[in-house]
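> Here is my input; please provide its structure:
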Amino acid sequence: PPIMVLAKDLSHLLSDEANTRTPSPLKTCIKYFNDPNVIFLGGGLPMSKYFPWFDITGTSPLPPFANGVGAPSSEQDLINLKIPRDNFDVLEDEEFGTISLDKALQYGFSQGHPQLTSFFKEHNKIIHKMDKYEDHDVIATIGNTWNLESTLRCLCNKGDYVLVEEFAFSSTLTAVKAQGIKTCPIPMDADGIIPEKLDDLLANWDEDKLGKIKLLIIVATGSNPKGLSLPVERRQKIYDLACKYDFIIAEDEPYYFLQTGQYFKPEERPALTNEKVDHDEFVGGLVKSFLSLDSEGRVLRFDSLSKIMGPNTRIGWITGQKNLLTHLFRFHEVSIQSPSGFSQAIVAKTLNSWGQAGYLDWLIGIGKEYKIKRDFCIDSLYKHIPKRLLDSKTVVINPPIAGMFFTIDIKSENHPEFESKFQSNGKLVEQHIYETVIKQGVLMVPGSWFEAADCTIADRGGVEEPKKEIFFRGTYAAVDLEKLDQGIQRFAKVLDSEFS
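Below is the predicted model of the structure:
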C-alpha cells in the first residue's frame with residue numbers, strides 16, 4: 001500500500017470569518033449527554049418521551065432492482081423498514097444501521113449521525129480510493145447549495161475573486177454575488193474548462209491589485225448548464241495548477257453517477273440488456289474524480305442525494321481534509337446544525353439495509369434510466385429540428401455524456417432580422433426565442449442565465465464584448481418520454497419559423 005501522508009496545511013487560505021470563528025461553547029459539552037456517569041444539566045435537550053412519534057415504518061425496493069429502479073412496487077422485491085423511537089428497542093444486529101428517533105430528533109451530531117457518515121466514508125473508499133493522504137473526513141450537510149454557501153463563507157472575503165466555468169449554474173453565480181465575491185470565468189470548449197487558458201490567466205494574475213485567488217468552483221461531470229465532462233487528463237492538469245498556484249478546488253458533483261457515455265444514433269447504438277453489471281467494472285468506468293487525484297488536501301468534494309434519491313431528502317456531504325472541515329463544522333454548529341433527523345434516520349436505514357453493494361446497484365440503475373432518457377431526447381432533437389438548420393450549422397445539437405441537461409447552440413446572426421429588428425445583438429434574439437417558445441407551451445432556459453460575468457474586465461475599466469453565440473438549455477429529467485418529445489417538437493417548430 002502507498003505511504004500515507006498528512007494533508008498540506010491550507011489554513012492561510014481561510015476567510016477572516018473562519019479565522020474569527022471559535023467553537024460554540026455549549027456544543028463542546030454535549031458529548032457528556034450520553035455519559036451514564038454524568039447527570040446532564042447543561043443544555044436544553046427535551047426528553048425523547050415528548051417526541052410525538054413512537055416509530056417510523058416504510059417500504060423500499062430491495063437490491064439488485066432487477067426490473068429497473070423506476071419499476072412500480074408491484075414489480076419489485078421489497079424491504080420493510082422500521083425505525084423505533086427508543087434506542088433500547090433497536091435490535092443488536094441493527095445498531096450500526098439504525099438511528100432511533102430519540103437520537104435522530106435530538107440535538108448533537110452536527111457532523112451527521114455515524115450510521116450515515118460511516119456509510120459515506122466507506123462509499124468514498126470504493127469510488128475514490130482515498131489513499132493519497134491520511135487525515136480526510138466527511139461531514140453531513142443539507143445538500144450542495146449549502147455546501148457551496150458554507151465553503152464560500154469559510155474561504156472568501158468580500159471583494160475576493162473565485163474561478164468559475166465560463167457558463168456556470170445560475171444559483172452558484174447568485175450565491176457568489178450575494179457575498180460580495182467576484183467571478184473570473186475560465187474559457188470552455190466541448191470538453192469543459194481549458195487548462196492552458198487557466199494557466200495563462202493565473203500566470204498573468206495581478207495579485208497585488210486583484211487579490212489572491214483561493215478557490216475554483218467546478219461541476220466537472222455533467223456540468224450545468226452544458227452537460228460537459230472533463231476528461232481525466234484535464235482534471236490532472238487542473239489539479240496540478242491548483243498545487244502550482246495554491247488554490248482549493250470545490251468539486252461540486254451532484255450528477256457524478258449520471259454518466260451516460262457517448263451518444264450513438266439509433267442504428268449504431270448497442271442494445272441495452274438487463275444483465276447485472278459487475279460492480280468493479282462500473283466503478284472502473286467512472287471518470288476519475290478530483291478527490292481521487294488529491295494528494296495535498298486541496299479538494300473539497302460536494303456530494304448530494306438530490307439527483308439520485310430525492311431533492312428534498314436535503315442530505316449531502318462534504319469530503320476533504322479534516323482541518324478545513326473543522327471550520328465548516330464550526331459554521332454548521334451555529335447555522336444549519338445538521339440535516340433533518342427524519343431524513344438522516346430514513347436514509348441511513350435504507351442505505352444500511354441495502355449495503356454498499358446494493359447502493360451501487362441503485363446507482364447503476366439510475367444511470368441506466370438517464371442513459372435511456374438522454375438517447376431518446378437527442379433522437380427527438382434530430383427528428384424534429386429541420387435538417388437545413390443542422391446542415392447550415394445554424395443549429396447545433398450537443399449530446400451530453402453525463403447529467404440531466406442538453407444544450408442547443410444557435411447562430412443568432414443567421415436570423416433574417418438579426419441586423420434590423422435585433423440590432424446585431426445575440427441576446428435580443430435569445431430573449432425573443434425564449435418568449436416565443438413559452439407561447440408555444442414549452443420552457444427552455446436561455447444560456448445567458450448561466451454566463452459568468454468577467455468581473456476583472458469591469459475592475460480594469462473595460463466592457464465585456466456581447467456574444468453572438470447563443471444557446472438554450474433543456475432537461476430530459478423532469479417529464480416522461482412522450483411529453484419530452486412533444487416539448488422538443490414545439491421548440492423545433494419555433495426554430496423552423498424564426499429561421500425560415
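
> Next up, the contacts around residue 274.
Applying C-beta atoms under 8 Å, 6 or more residues apart in numbering to residue 274 gives the contacts residue 66. Where C-beta positions appear, they are placed from N, C-alpha and C, glycine not excepted.

> Tell me which residues touch the residue lying closest to residue 477 once chain neighbours are set aside, please.
In this structure, residue 477 finds its nearest non-sequential neighbour in residue 404, 3.8 Å apart by C-beta to C-beta, 6 or more residues apart in numbering. Applying C-beta under 8 Å, 6+ apart to residue 404 gives the contacts 222, 255, 258, 307, 370, 373, 475, 476, 477.

> Let's see if you can find the most crowded of those residues.
Using other C-beta atoms under 10 Å as the neighbour criterion, residue 255 leads the contacts of residue 404 with 27 neighbours.

> Test my guess that that residue contacts residue 221.
Yes - using C-beta atoms under 8 Å, residue 255 is in contact with residue 221, at 5.8 Å.

> anything in contact with each of these two?
Each of 402, 403 lies in contact with both residue 255 and residue 221 under the rule C-beta under 8 Å, 6+ apart.

> Give me the nearest residue to residue 109, chain neighbours excluded.
Excluding the flanking residues, the one nearest residue 109 by C-beta to C-beta, 6+ apart is residue 338, at 5.9 Å.

> check contacts around that neighbour.
Counting by C-beta under 8 Å, 6+ apart, residue 338 has contacts 109, 110, 111, 112, 140, 332, 344.

> Retrieve the pLDDT associated with residue 273.
Per-residue pLDDT puts residue 273 at 82.

> Measure how buried it is and give me the count.
Neighbours around residue 273, by other C-beta under 10 Å: 7.

> Confirm that it lies within a strand, as I assumed.
No - counting by DSSP: H, G, I helix; E, B strand; the rest coil, residue 273 is not found in a strand; it is coil.

> What values do phi and psi take at it?
phi -120, psi 170 (degrees, to the nearest 10).

> Equivalent analysis for residue 407, please.
Backbone torsions of residue 407, given as degrees, to the nearest 10, read phi -130, psi 150.

> Look up which residues are beta-bridged to it.
residue 398, residue 473 (DSSP bridges).

> That one is in contact with residue 227, isn't it?
Yes - with contact defined as C-beta under 8 Å, residue 407 counts as touching residue 227 (6.4 Å).

> What score does the residue most central in space within the chain have for pLDDT?
Centroid-nearest residue in the chain: residue 254, 2.5 Å away (criterion: C-alpha atoms, centre = their mean). Per-residue pLDDT puts residue 254 at 97.

> Could you look up the SS state of it?
Quick answer, by three-state DSSP: residue 254 is coil.

> Which stretches in the stretch 1-150 of the chain count as helices?
16-20, 25-28, 101-104, 114-128, 144-155 (DSSP state H, counting those that start in this stretch).

> and if you look at the stretch 201-350 of the chain?
With DSSP H, counting those that start in this stretch as the criterion, the stretch 201-350 of the chain has helices spanning 207-210, 232-245, 279-285, 290-293, 322-333, 341-384.

> mean confidence score for the last one?
Over the span of helix 341-384, the pLDDT mean works out to 98.

> name the helices or strands packed onto it?
strand 55-61, strand 78-84, helix 101-104, helix 114-128, helix 279-285, strand 395-398, strand 405-411, helix 481-498 (3 or more C-beta pairs under 8 Å, 6 or more residues apart in numbering; DSSP states H and E).

> Could you check how far the residue nearest to residue 477 is from residue 22?
Residue 404 sits 41 Å away from residue 22, going by C-beta to C-beta, to the nearest Å.

> ok, now residue 45?
When residue 45 is compared with residue 22 (using C-beta to C-beta), they lie 22 Å apart.

> what about the two, which has more around it?
residue 45 (12 against 8).

> mind listing what the more buried one touches?
Contacts of residue 45 (C-beta under 8 Å, 6+ apart): 33, 106, 107, 108.

> Which pLDDT does the model give the residue lying closest to the third one once chain neighbours are set aside?
The shortest distance from residue 107 to any residue other than its chain neighbours is 5.4 Å, reached at residue 45 (C-beta to C-beta, 6+ apart). Per-residue confidence (pLDDT) for residue 45: 87.

> distance of residue 45 from residue 34?
11 Å.

> do residue 8 as well
35 Å.

> Name the residues of the helix or strand hosting residue 457 that are buried.
In the assignment (DSSP states H and E), residue 457 maps to helix 455-459. Buried residues in helix 455-459, defined by neighbour count with 16 or more other C-beta atoms under 10 Å: 455, 456.

> hey, C-alpha coordinates of stretch 65-81 in PDB?
As requested, the backbone C-alpha atoms of stretch 65-81 are provided in PDB (Å, rounded to 0.1, in the frame of the first residue of the first chain):
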ATOM      1  CA  PHE A  65     -33.600  -3.900  -8.600                       C
ATOM      2  CA  ALA A  66     -33.800  -6.500 -11.400                       C
ATOM      3  CA  ASN A  67     -36.800  -4.800 -13.100                       C
ATOM      4  CA  GLY A  68     -35.200  -1.300 -13.000                       C
ATOM      5  CA  VAL A  69     -35.200   1.400 -10.300                       C
ATOM      6  CA  GLY A  70     -38.200   3.000 -11.700                       C
ATOM      7  CA  ALA A  71     -40.400  -0.100 -11.700                       C
ATOM      8  CA  PRO A  72     -43.700   0.100  -9.600                       C
ATOM      9  CA  SER A  73     -43.700  -1.600  -6.200                       C
ATOM     10  CA  SER A  74     -45.800  -4.500  -7.600                       C
ATOM     11  CA  GLU A  75     -42.800  -5.400  -9.800                       C
ATOM     12  CA  GLN A  76     -40.100  -5.000  -7.100                       C
ATOM     13  CA  ASP A  77     -38.800  -7.200  -4.300                       C
ATOM     14  CA  LEU A  78     -39.400  -5.100  -1.200                       C
ATOM     15  CA  ILE A  79     -37.800  -4.500   2.200                       C
ATOM     16  CA  ASN A  80     -39.800  -3.200   5.200                       C
ATOM     17  CA  LEU A  81     -38.000  -0.600   7.300                       C
END
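
> This completes my enquiry, with thanks.
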